[in-house]
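In: structure for the following, please:
(2 chains, ligands or ions: 2)
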Amino acid sequence: MSEQPILQLKKIEKSFGETTVLRNITLDVQEGELVTFIGPSGSGKTTLLRVVGGFHQQTGGTVLLGGQTIDVLPPEKRSTGMVFQNYALFPHMTVYENVEYGLKIQTVGKVERNQRIKDALQQVQLDGYENRKPSELSGGQQQRVAIARCLVLKPKVLLLDEPLSNLDANLRVVMRDEIRRLKEELNLTIVFVTHDQEEALSISDRILVLKDGIVQQLETPSIVYQRPANEFVAKFVGHANLLEGTFTVEGEETYFQTKGNGLRFPVEVEGPVSESGTILLRPEMMNRDSASPYQGTVDKTVYHGNYVRYYFSMDGESLFLDDNNPFHTNLLQKGDQINVAFPRRLHVLPNC
Amino acid sequence: MNEVSTEQTSVFYKRKTKVEKGYLAAAWGIAVLLFVFILAPVLAVFVQSFGIGNGGFTLENYKRFFSNSSYFQALFNSMAAGVISTLVILMIAIPFALYVTRSKTMLSTVYRGIGLLPLVAPPFIFSLALIILFGRRGVVSQWIADFTGLEVSIYGFWGVVIAQILGYFPVAYMMIESSMRNMNPSLEQASQDLGAGQGRTIRKVTLPLAGTAILKAGLIVFVMALADFSNPLVIGGGENFLASDAFLLVTGQQNLEMAAVLGVFLILPSLAVFLFQTYLLKDHEVATTTGGENNPLHPKVKATMFGISTLMAFFIIVMFVMVVLSAFVQIIGINNEFTLEHFSDTSGWDFLRNSVIVSFFAALLAAGLGILQGYMTARKNIPMKKLMEFTALFGLAIPGTVMGIGYVLIFNGPPFFLTGTIFLLVMNMAFRKIGVGLESGISQMQQLDVSLEEASADLGSGPYQTFRRVVAPLLTPAFMAGFVYTFMTAMVSVSSVIFLIAPGMNLAAPYILNLADQAAVGRASAMSFILIVIVLACMGILKVIEKRSGSNV
Ligand SMILES: Nc1ncnc2c1ncn2[C@@H]1O[C@H](COP(=O)(O)OP(=O)(O)O)[C@@H](O)[C@H]1O
Ligand SMILES: [Mg+2]
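Out: Ligands and ions are numbered 1, 2, ... in the order given. Here you go, the predicted structure:
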């Protein structure tokens, strides 16, 4: 954090009348970084993004862009570029005119304008589409135009509000990689909104998890996934078994035991061991292992192709695990015995 | 996107289904009615204008039209008034719509109501109001006379123009407002985000996107003003205008041929506009709102829009207030003593009752048949589908005066003798408005997925049962919309029915027109007031019913 962050949010608050939608949000975004806002619907992601873009005036806190406060500037005076969820391409203009729109306002000369539009369209791989109308483009192409229209103005930050949600599943992955590529190539600073955890994990440098307008965690994807700050994050990003229990040290080993003398197995936890806590067991962290002494009963089997999810009961706990290479193992059915190997290294949720 | 899906639908149906006998019969029935009550009268006007039926084809009538300066003057006056009113209306309606759709205050809602208010009044209400204010014995005229000694008179060309501006404003305003309201707000936000200020955003994004609606509104208002019949009659001061002259030719001189020629000059522009907007004008594919709010205006821009809107709202309100006041005093401006005398007009009350009856049945017929036709157009492969749709919509576009002349030509003699009957009045109003029901029926059907009907069939119900139990309930909102609109317009319309009334069988609006024409200002105001109250009350009742039934569904 040596450099000056390009975008800084300081203690942003936002209320609509009586209802408070954002509470005390602080965030620094470095140049060339892609930060994702993730959270359930209504958590305030869009509102936060629109505060940055200037479409909402925050009720508290300040927004700095390139070290300067932009709180009083209307959207047209901020060097932010917004890609709208429905793309918001001007239907009465061609692709070329859409991309040209902002340049004309900046009174960029004709020759330079032409060149920059060409470059921008090339960057999003749309050269040759200049004279099409938006209605003559596919969803993915419209998306590219919307991005080019912002890129051509060289915004300090690109703001994308659920840009992939209107695309079908395959295209979503393509465009996700595309945005990532553009970011790398052009060293773009991007703030990205999504409610799709897989998208967030795969595209982001850092993820900001929001719930009810409060930041739950702000970390890299691997930390958010592996070391969620709380139960909400653990369950919202990825799937999780959360077990409450106590830790006891017996000689070299630390044992974890769920309440009521339930399930008990050895663990390694970082830092000093407290007496009790909640541990995170992701389904792929456990394995089927016939050699393991831990035995449970299958309650339900769900076949996914590349993995099988087993819901099972063991010592009074209901858990689920993913068998990630089901090709060579026999499929267990309800009522069958399942032997499970537990991981040793575990994340203990802070606070509780 | 809608277009694609309906096309697929109809292709699908062409391949798959035959039309059931009942629908076939209904389609033929509607087709015959459309022919008799829309096409035939219009054709009759053309035929008559060439003298056919009175001794063979001749261009004599057209020669007379161009050689007689008063006819030509009528054409010129109507055109000029139409152009001026349209331009002024657009210049007011655009900022008015911008102000109303872009602010969320109580006041903007009130303005919206005021902007639409003239729709519930007879079309000549502003002529009446202008006479009250600026007529020979008008309230303002007298002040001016007292202070300066100048004689002011509003009668004449400019009086007509002012009355048209106020009277046809809501038509344009309604269309422009709905297009601005439905515009996706993120388009304007994108423009701002790309660096455009509000002025530029309005010029480069908002107005072009509303462009089709503005053009349509302009054309429709122009055609309406061109064919304006009642304002020239009341406030024209003897100046020549096409529609009013045609009326006088029919009633005064029984010169049906010459009236038909004037009628042709009324039809041609309407027809041109109708064809243009039906077949050439394509709307932008403006993705409609996904629940977002419209963008607020910058204070400076807003102030301008607000100023213009306020001025317009003020004029409209003053006019209405004058009419109401003059209904309750002896002779406004001269003897301002309170009286209810103007309301004790027994024949007036009779005619009001007639109006309600005629409008009710006309609305029932127009909405019912229109929506049935809309359903069949969208879902069934009935014969002459396109032609029937064309005819019904054409009925909306024909000036009332032309329809009136056409009805006189066909129904005022053997084999029919139907003028002066309630039946003919109902048919006239119903078939002039059947296009409204048709359009709302079609658009409602386009929003309903075919799979609903397929599901119903799959669950074992026959085609008629499906219509009754699945389609009809879903079409109820469209029916209500068509009904309310037809009822409202039928209550206040004059230009067509005035040809078809008889001394004993009059309607309220033509009766008031006659009172206004005879400068019986007090009685005209009182009757107008009652008419407005009745229309508003009926609409209120319908709204309540709609809400009730809406919550049941
Ligand atoms: N203009 C507004 N007026 C009132 N409430 C709003 C407005 N915009 C958003 N909200 C409320 O703010 C909350 C957060 O909304 P939003 O930022 O759109 O959530 P998200 O994008 O995370 O789904 C929601 O409860 C929403 O109802
Ligand atoms: Mg959102």
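In: can you give me the strands for the stretch 201-350 of chain B?
Out: Read by DSSP state E, counting those that start in this stretch, the stretch 201-350 of chain B holds these strands, from start to end of the chain: B:329-331, B:335-338.
In: helices and strands around the last one, which ones?
Out: Using 3 or more Cβ pairs under 8 Å, 6 or more residues apart in numbering or on different chains; DSSP states H and E as the contact criterion, the neighbours of strand B:335-338 among helices and strands are strand B:329-331. In short, each C-beta sits where N, CA and C put it, glycine included.
In: packing partners for the strand it packs on?
Out: Where contact means 3+ Cβ pairs under 8 Å, 6+ apart, strand B:329-331 is packed against strand B:335-338, helix B:521-552.
In: 6 Å instead, please
Out: Contacting strand B:329-331 under the criterion 3 or more Cβ pairs under 6 Å, 6 or more residues apart in numbering or on different chains; DSSP states H and E is no other helix or strand.
In: could you report the neighbour count for the spatially closest residue to B:Tyr62 that is not a sequence neighbour?
Out: Here the nearest residue to B:Tyr62 in space, its sequence neighbours aside, is B:Val261; by Cβ to Cβ, 6 or more residues apart in numbering or on different chains that works out to 6.1 Å. The local packing of B:Val261 (other Cβ atoms under 10 Å in any protein chain shown) involves 28 other residues.
In: rewinding a little: mean pLDDT lowest for which of the strands of the stretch 201-350 of chain B?
Out: Taking the mean pLDDT of each of those, the lowest value is held by strand B:335-338, a mean of 82.
In: so who does the residue nearest to B:Tyr62 touch?
Out: B:Val261 sits next to B:49, B:61, B:65 when contact means Cβ atoms under 6 Å, 6 or more residues apart in numbering or on different chains.
In: which of the residues you listed are buried?
Out: With burial judged by 16 or more other Cβ atoms under 10 Å in any protein chain shown, the buried subset of the contacts of B:Val261 is B:49, B:61, B:65.
In: ok, so of those, who is nearest ligand 1?
Out: Looking at these and their distance to ligand 1, the nearest is B:Ser49, at 59.4 Å (Cβ to the nearest ligand atom).
In: longest helix anywhere in chain A?
Out: Residue-count comparison of every helix in chain A, with assignments taken from DSSP state H, identifies helix A:169-186 as the longest.
In: what's the offset of it from the middle of its chain?
Out: Here the centre of mass of C-alpha atoms in helix A:169-186, compared against the chain's by Cα atoms, centre = their mean, to the nearest Å, lies 14 Å away.
In: CA-only coordinates of it in PDB, if you can.
Out: Output in PDB follows, covering the C-alpha atoms of helix A:169-186 (Å, rounded to 0.1, in the frame of the first residue of the first chain):
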ATOM      1  CA  ALA A 169     -23.900 -19.200 -19.000                       C
ATOM      2  CA  ASN A 170     -21.200 -19.900 -21.700                       C
ATOM      3  CA  LEU A 171     -21.000 -16.300 -22.800                       C
ATOM      4  CA  ARG A 172     -20.700 -15.200 -19.200                       C
ATOM      5  CA  VAL A 173     -17.500 -17.100 -18.800                       C
ATOM      6  CA  VAL A 174     -16.100 -15.800 -22.100                       C
ATOM      7  CA  MET A 175     -16.900 -12.200 -21.200                       C
ATOM      8  CA  ARG A 176     -15.500 -12.600 -17.700                       C
ATOM      9  CA  ASP A 177     -12.200 -13.700 -19.200                       C
ATOM     10  CA  GLU A 178     -12.400 -10.900 -21.700                       C
ATOM     11  CA  ILE A 179     -12.800  -8.300 -19.000                       C
ATOM     12  CA  ARG A 180      -9.900  -9.800 -17.100                       C
ATOM     13  CA  ARG A 181      -7.800  -9.700 -20.300                       C
ATOM     14  CA  LEU A 182      -8.600  -6.100 -21.000                       C
ATOM     15  CA  LYS A 183      -7.800  -5.200 -17.400                       C
ATOM     16  CA  GLU A 184      -4.400  -6.800 -17.700                       C
ATOM     17  CA  GLU A 185      -3.600  -5.400 -21.100                       C
ATOM     18  CA  LEU A 186      -4.700  -1.800 -20.400                       C
END
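In: give me the neighbour count for residue 312.
Out: No chain was given, so I picked chain A. With other Cβ under 10 Å as criterion, A:Phe312 counts 23.
In: if you could check chain B rather than the one you did, that'd help
Out: Using other Cβ under 10 Å as the criterion, B:Met312 is surrounded by 22 other residues.
In: rewinding a little: let me have the strands of the stretch 201-350 of chain B in a markdown table, extended by mean neighbour count and distance to A:Ile338.
Out: Formatted as a markdown table, the entries for the strands of the stretch 201-350 of chain B read as follows, by neighbours: other Cβ atoms under 10 Å in any protein chain shown; distance: least, Cβ to Cβ, whole Å:
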| stretch | mean neighbour count | distance to A:Ile338 |
| --- | --- | --- |
| strand B:329-331 | 15 | 95 |
| strand B:335-338 | 10 | 94 |
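In: on the three-state scheme, the residue in the stretch 451-553 of chain B that chain A sits nearest to is what?
Out: Among residues of the stretch 451-553 of chain B, the one nearest chain A by Cβ to the nearest Cβ turns out to be B:Ser451. It sits 20.7 Å away. Secondary structure of B:Ser451, reduced to three states by DSSP: H, G, I helix; E, B strand; the rest coil: helix.
In: that older thread, ok, so of the buried ones among the contacts of B:Val261, who is nearest A:Gln68?
Out: The shortest distance between A:Gln68 and any of the buried ones among the contacts of B:Val261, using Cβ to Cβ, involves B:Phe65 and amounts to 72.8 Å.
In: so where does the closest one fall, helix or strand?
Out: Under the criterion DSSP states H and E, the helix or strand holding B:Phe65 is helix B:60-67.
In: what's the following helix or strand after that helix?
Out: Beyond helix B:60-67 on the C-terminal side, the first helix or strand identified by DSSP H and E is helix B:69-101.
In: counting by contacts, list what that next one packs against.
Out: Where contact means 3+ Cβ pairs under 6 Å, 6+ apart, helix B:69-101 is packed against helix B:106-116, helix B:157-182, helix B:207-226, helix B:242-251, helix B:299-328.
In: which parts of the stretch 101-250 of chain A sit against ligand 1?
Out: Counting by Cβ under 6 Å from any ligand atom, the stretch 101-250 of chain A comes close to ligand 1 at no residue.
In: so which residues of the stretch 101-250 of chain A form strands?
Out: Ranges of strands in the stretch 101-250 of chain A, per DSSP E, counting those that start in this stretch, are A:157-161, A:190-194, A:206-211, A:214-219, A:241-250.
In: distance to B:Leu119, mean neighbour count and mean pLDDT for these - can I get that in JSON lines?
Out: Formatted as JSON lines, the entries for these read as follows, by distance: least, Cβ to Cβ, whole Å; neighbours: other Cβ atoms under 10 Å in any protein chain shown; pLDDT from 0 to 100:
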{"stretch": "strand A:157-161", "distance to B:Leu119": "40", "mean neighbour count": "24", "mean pLDDT": "94"}
{"stretch": "strand A:190-194", "distance to B:Leu119": "44", "mean neighbour count": "25", "mean pLDDT": "95"}
{"stretch": "strand A:206-211", "distance to B:Leu119": "48", "mean neighbour count": "23", "mean pLDDT": "96"}
{"stretch": "strand A:214-219", "distance to B:Leu119": "50", "mean neighbour count": "19", "mean pLDDT": "96"}
{"stretch": "strand A:241-250", "distance to B:Leu119": "63", "mean neighbour count": "15", "mean pLDDT": "89"}
